[in-house]
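K.L.:
Sequence first, predicted coordinates after that:
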Amino acid sequence: MTRESLQSGLLFLALFCAAGSTLAQRKDKTQSTRTGVYTPEQELAGFKVAPGFVIELVASERDSIINPVDLTFDDAGRLWTQTARMYPLDPIADIQWEELLRLMDDQNAQKNHPNFKRILELYQGKRKGTDKIIVLSDLYGKTPVKSSVWADGLTIPMSILPYKNGVFVAQGSEMFFLDDANHDSKADNRLPLLTGFGFTDTHTMAHTLVRAPGGWVHFSHGGLNKGEVTSLTGNGKAKIDFSKIGRFSFDGKKVEVVSSGLNNIWGFQLRHNGQWYGSEANDLGYSVVQLEPGVGFPGIGNDRIRPYQPFMPPLHEFRVGGTGISGTAFADDASGSFPDEYKDVAFLANPITSSINAVKMVRNEDGTVTSSHLPDLLTSEDDWFRPVNMEFGPDGCLYIADWYNKIVSHNELPTTHPDRDKTHGRIWRIRHVSQKPRTVPDFYEVKTDDLPRYLTSPSLWEKRAAWHQISDRPATETSRLVPQLIAIASKESNDPVSRIHALWALEGIRHYDAALLSELLKANSSDVRREAIRSLNSFGLSAADIAAATEKLIDDANPAVRSQVIRTLDEAGAGDPRSVAILVKAARPELPGNQMGGSYERRFERYLVRKALERSPGTLLQYVNAPAAQEAPAVNMLWAVQALPAAERDKAFLQFWPKAKLSALDESTFVSMAAMLPNPDIYQAMKQMLNDPAQARTYLGFAVQNQSQVQSSALSELLAVPVNTLLQSTETADRNLALDVAGRYRIAGARDAAAALVTDHTPDATLKLALKVLETVPSKSEPLFLKMVTNENLSFDIRAAALGSLVKANPAKARQAATQWLSALNEQEKNDLADVLSASVQGSGLLLTMYDKKLLPLSAFDLSAAERIAGATKNDARSTAIVNGVKKREETKRKEFKGKLTKYMTIAEKHGGNAEAGKVLFQTCLACHQVGSQGQSIAPALDGSANRENESLLTAILNPDAAIESGYAVYRVTRKDGSQMEGYLVNKDNQGTTLAFMGGGKSFIEAGAIKSQGFLGGRSFMVKGLIDNYSDQQVADLLSYIRTLK
């Protein structure tokens, strides 16, 4: 790749990460160029809704609605929301970046740090905040809405959930319950439940509380916080880092991680049929997804519940635009709400594009997904309209929380920026003209005997309210409802949603009816079957009873039913031999690929099986040694025994390996065997499989994809044969794969074959890979390195990389070659050379020599290169001088920022660019970003980039380090040999660290080889001063093409 294309790609990595945040597509630096506030009436006039719909104002700042975040209806139909005047409240605003990153992983240190301590005391209620919980009533008649303050003195209560005589509250580091003990419609007491949630990033704290059956409350946790969450009422504890879905029991004694991944799930719903759905803020093909418990997705940190947890593949090729999807809602009433054409349509609140998007998504019975991007439900001419949450109400209408703000992004501007509005907020309601007014009952006043009939109401809110009240009222009142509940749940002709809610009510009062559950487990509806299986652990049944009830359902045609069987057995403890037998049966072999509707579901079920078996290794070992195991499919047993401790695992694996009679290894078996290579018998078994030339390409692909899990010297030995097989191929892709593996695993035996590929006509991609292999035998490769450096027929990139290899093999010869070559290099090439050589200790020494001899000017070094040199050459006055000089230069450039911005703004505002010419410049951006299904997913998607204004784009280019989000900052790893590597952090665990680079390449560094690592404080990937070398027309062309990305 040329320096020009590298720069252009890095430009866009910074363009949508710097001066903005992880949310890539911003409208401008302050979000809206308009300075005046519109009244609610003026804002209303600018709305455009889909045909047949009407939008109306519910409440505004006139009703104390200020910066609303959450919307939730209680069982009386009242709407609960809150203010967020104190948002944002990041400790990052008050402390140095490097210190923040250290404190993120050290909660004890946070408690003692003055800035964290101050904010923590606010969240814990030791200091009073200025935020409130607001209750709106009289929503459904012709009288004005009534607004009342239910609680005050709070600090950004991100989510609230009414329960009995109070509400659960998610607030920063804390989860607590506020109750109204004296029934005066005011909060009286605060009961702390959980503590330890991360709060270094305000906009990704714990939020979206949702009540679930079985006595649980589910919540979402964002991608840029980390915490050790502990119960304050029991012994529950959970490590919650990055984006997760979690849950806690009503009493707060238990807390668990439910699913992992995506970046920020601000839209989260329990649908009418018991299925969980959510939205990914940055879209990335996951604008709306089914969040089945246990599922995993890629996202910041790429954190998995288990190393072998599969990621669900992207579900949609389309993109809805914008990168701040903030709410999800479905019209799930049976009738009386939105028309039938909106069934299974997810409405998505999009504050970046000031619109409500619509995506139809159906998870079919076989697991496949059918989806389509529909026209927006709502658009707005007022770009201060910021829909951040939505909820369907008791009247079947869609309610929208409008942050109403000039600024909606989190990190684009300083947290104290005066344009952050803290005095406005609106709540809107959308209804269809066909909807009839409803009578909304107060379920707190509904007689207990009348509650069951509401379970068959067409209104989902009425179903939910009846379920809540039946579950929450004293058993002395509700026990007499059992016959009615059983009748509703058992009647096959009732709609599945009513039957499910009747079952939830029986769960709530802990009444188990064996005959009923037997019927439900055979129901025609897969949703009813799934919920019946899930409910079994609510009734205090033994593991043996649960196994007996679910045994046949492990073969259900619906994958959601099968996976629920596994989860239910897991929750039951999997300590019964019959449970183990069912789980082993479910450990069916992998299917090729990772597609919905087959191969993904198989991988997911295998993951759930192994996770469940790990809970009871003793019972599993008993099963392995019992006759029943001999009757089970041997290939299933190979996976099941991975849940055993290492010694027992190896022995059991060898017991079943001959019986499996595998002709080839699938990916999970490859990974499993790689972990057992210290066992000589397993080593020989894997060696035999890897020597099959027909599978060489497959196995090397596994080695690349799973390097962080499998790398070892033993595996390197075994990979030598398939590497050499592919090196003999005539296909470039095969040779490149072989070279890639040989370099990653340092397979010295591939050195000669790699050397033979070094010719003037070999593609650069192949030569770069070959250099990595040649470095495995540096003394023998030294002459070839020198030959490549001096070969003028090779590209600059290859010659520079060869010099980087040569300096590590022979510094003296590298110095001679560099001295002869440097005079022929232009300024940009000298910059590039400094970047390449500064990655190693020897290269850094060479650069200091060249600088000392005035063969390299100070302008050849950027800040990252200067820092790497200083790190590799401790206490060297020359490296100190370089660092100081570069910092001084950067400070001068920052002072010139306003003048440059004015210059380029003038160019941009002339709109004289050529979009077609700009498209050519833009293509290299896909080396890091995605547009639709094209490009890489290293950096935020660029869909909807037309929504950004010129000021924002140009600010990001000219001052790329401004407010860059931690998740997209440069990450540097320093090896124990002094060499350094920088890239985007993909994953860091006990095995090591994986970095990604422009173009999608990844590199794994083993933990044992790492001396230090960390983010570079506020450092963007972007090359500074990049467009200084662009012509005015190129800048205009670039911006012109961006305006086409709707």
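P.N.:
Here it is on my side, so go on. In this text the structure is predicted, and so the values were computed from the model without any measurement.
K.L.:
For the chain, which element, helix or strand, carries the lowest mean pLDDT?
P.N.:
Lowest on mean pLDDT, DSSP states H and E among the helices and strands of the chain sits helix 3-15, with a mean of 34.
K.L.:
Tell me the helix or strand right after it.
P.N.:
Next in sequence after helix 3-15, counting helices and strands by DSSP states H and E, comes helix 40-45.
K.L.:
Quick one: list the elements packing against that following helix.
P.N.:
strand 53-59 (3 or more C-beta pairs under 8 Å, 6 or more residues apart in numbering; DSSP states H and E). C-betas here are computed from N, CA, C, even on glycine.
K.L.:
can you give me the offset of the next helix or strand after the strand it packs on from its chain's centre?
P.N.:
Note on strand 53-59: by DSSP H and E, the next helix or strand toward the C-terminus is strand 72-73. Offset of strand 72-73 from its chain centre (C-alpha atoms, centre = their mean, to the nearest Å): 27 Å.
K.L.:
mind listing what the helix or strand that comes right after strand 72-73 pairs with, with the direction of each?
P.N.:
Reading on from strand 72-73 to the C-terminus, the next helix or strand found by DSSP H and E is strand 79-82. Partners of strand 79-82 in the sheet, by DSSP bridges, are strand 72-73 (antiparallel), strand 131-137 (antiparallel).
K.L.:
any residues touching the longest helix seen in the chain, and which ones?
P.N.:
Using DSSP state H to define each element, the chain has its longest helix at helix 877-895. Residues from elsewhere that reach helix 877-895, judged by C-beta atoms under 8 Å, 6 or more residues apart in numbering: 844, 848, 851-852, 858-859, 861-863, 866-867, 869-870, 873, 959, 1024-1025.
K.L.:
any chance you could map the helices in the stretch 401-550 of the chain?
P.N.:
Ranges of helices within the stretch 401-550 of the chain are 460-472, 475-478, 482-490, 496-508, 514-520, 526-535, 543-550, based on DSSP state H, counting those that start in this stretch.
K.L.:
Return the alpha-carbon coordinates of the shortest one using PDB.
P.N.:
Listed in PDB are the C-alpha atoms of helix 475-478, where the atom choice follows Å, rounded to 0.1, in the frame of the first residue of the first chain:
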ATOM      1  CA  ALA A 475     -50.400 -15.100  47.900                       C
ATOM      2  CA  THR A 476     -53.500 -15.100  50.000                       C
ATOM      3  CA  GLU A 477     -55.200 -13.100  47.300                       C
ATOM      4  CA  THR A 478     -53.700 -14.700  44.200                       C
END
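K.L.:
Tell me where the protein is predicted with low confidence.
P.N.:
Low-confidence segments of the chain (pLDDT under 70): 1-31, 92-101, 409-415, 921-953, 955-968, 1017-1026, 1028-1029, 1046.
K.L.:
Can you give me the domain assignment for it?
P.N.:
Domain assignment for the chain by automatic domain parsing gives 1-30+896-970+1016-1046, 40-432, 541-619+628-637, 777-894.
K.L.:
Looking at those, spot the one closest to residue 989.
P.N.:
Residue 989 lies closest to domain 40-432 among the domains of the chain, at 7.6 Å (C-beta to C-beta).
K.L.:
What is the end-to-end distance of that closest one?
P.N.:
Distance between the boundary residues of domain 40-432 (C-alpha to C-alpha, to the nearest Å) amounts to 21 Å.
K.L.:
Going forward, count from 2.
P.N.:
I'll keep to 2 as the first residue from here, and by that count the last item is domain 41-433.
K.L.:
Now render the strands paired with strand 80-83 as a markdown table, adding mean neighbour count.
P.N.:
Below are the strands paired with strand 80-83 laid out as a markdown table (neighbours: other C-beta atoms under 10 Å):
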| stretch | mean neighbour count |
| --- | --- |
| strand 73-74 | 22 |
| strand 132-138 | 21 |
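K.L.:
With distance to residue 160 added, can I get the helices of the stretch 402-551 of the chain in JSON lines?
P.N.:
Listed next are these as JSON lines, based on distance: least, C-beta to C-beta, whole Å:
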{"stretch": "helix 461-473", "distance to residue 160": "17"}
{"stretch": "helix 476-479", "distance to residue 160": "28"}
{"stretch": "helix 483-491", "distance to residue 160": "30"}
{"stretch": "helix 497-509", "distance to residue 160": "21"}
{"stretch": "helix 515-521", "distance to residue 160": "32"}
{"stretch": "helix 527-536", "distance to residue 160": "24"}
{"stretch": "helix 544-551", "distance to residue 160": "33"}
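K.L.:
Would you mind giving these as TSV with distance to residue 207 and mean neighbour count added?
P.N.:
Output for those, formatted as TSV (distance: least, C-beta to C-beta, whole Å; neighbours: other C-beta atoms under 10 Å):
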stretch	distance to residue 207	mean neighbour count
helix 461-473	22	24
helix 476-479	31	14
helix 483-491	33	18
helix 497-509	24	25
helix 515-521	33	16
helix 527-536	24	24
helix 544-551	31	20
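K.L.:
Out of those, which is closest to residue 389?
P.N.:
Comparing those against residue 389 with C-beta to C-beta, the closest turns out to be helix 461-473 (21.3 Å).
K.L.:
Dump whichever strand or helix holds residue 389 to PDB, restricted to CA.
P.N.:
Under the criterion of DSSP H and E, residue 389 resides in strand 388-393. What follows is strand 388-393, C-alpha atoms only, in PDB (Å, rounded to 0.1, in the frame of the first residue of the first chain):
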ATOM      1  CA  PRO A 388     -35.200  11.000  19.900                       C
ATOM      2  CA  VAL A 389     -33.300   9.000  22.500                       C
ATOM      3  CA  ASN A 390     -35.900   6.500  23.700                       C
ATOM      4  CA  MET A 391     -39.400   5.100  22.700                       C
ATOM      5  CA  GLU A 392     -42.100   3.000  24.300                       C
ATOM      6  CA  PHE A 393     -45.600   2.000  23.200                       C
END
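K.L.:
what's the top strand by length along the chain in contact with?
P.N.:
Identified as the longest strand of the chain according to DSSP state E is strand 370-381. Strand 370-381 has contacts (C-beta under 8 Å, 6+ apart) with 44, 47-51, 54, 56, 289, 291, 316-317, 319, 321, 346, 348, 355-365, 388, 399, 401, 431, 597-598.
K.L.:
pretty sure residue 544 is in contact with residue 572, am I right?
P.N.:
No - Residue 544 is beyond contact range of residue 572, at 9.6 Å (criterion: C-beta atoms under 8 Å).
K.L.:
Residue 854: what's its closest spatial neighbour, skipping adjacent residues?
P.N.:
Spatial nearest neighbour of residue 854, chain neighbours left out: residue 820 (7.7 Å); criterion: C-beta to C-beta, 6 or more residues apart in numbering.
K.L.:
again with residue 1045
P.N.:
Take residue 1045 and drop its neighbours on the chain: the residue closest to it by C-beta to C-beta, 6+ apart is residue 916, 5.5 Å away.
K.L.:
these two touch, right, that neighbour and residue 1046?
P.N.:
No - taking contacts as C-beta under 8 Å, residue 916 lies outside contact range of residue 1046: 10.2 Å.
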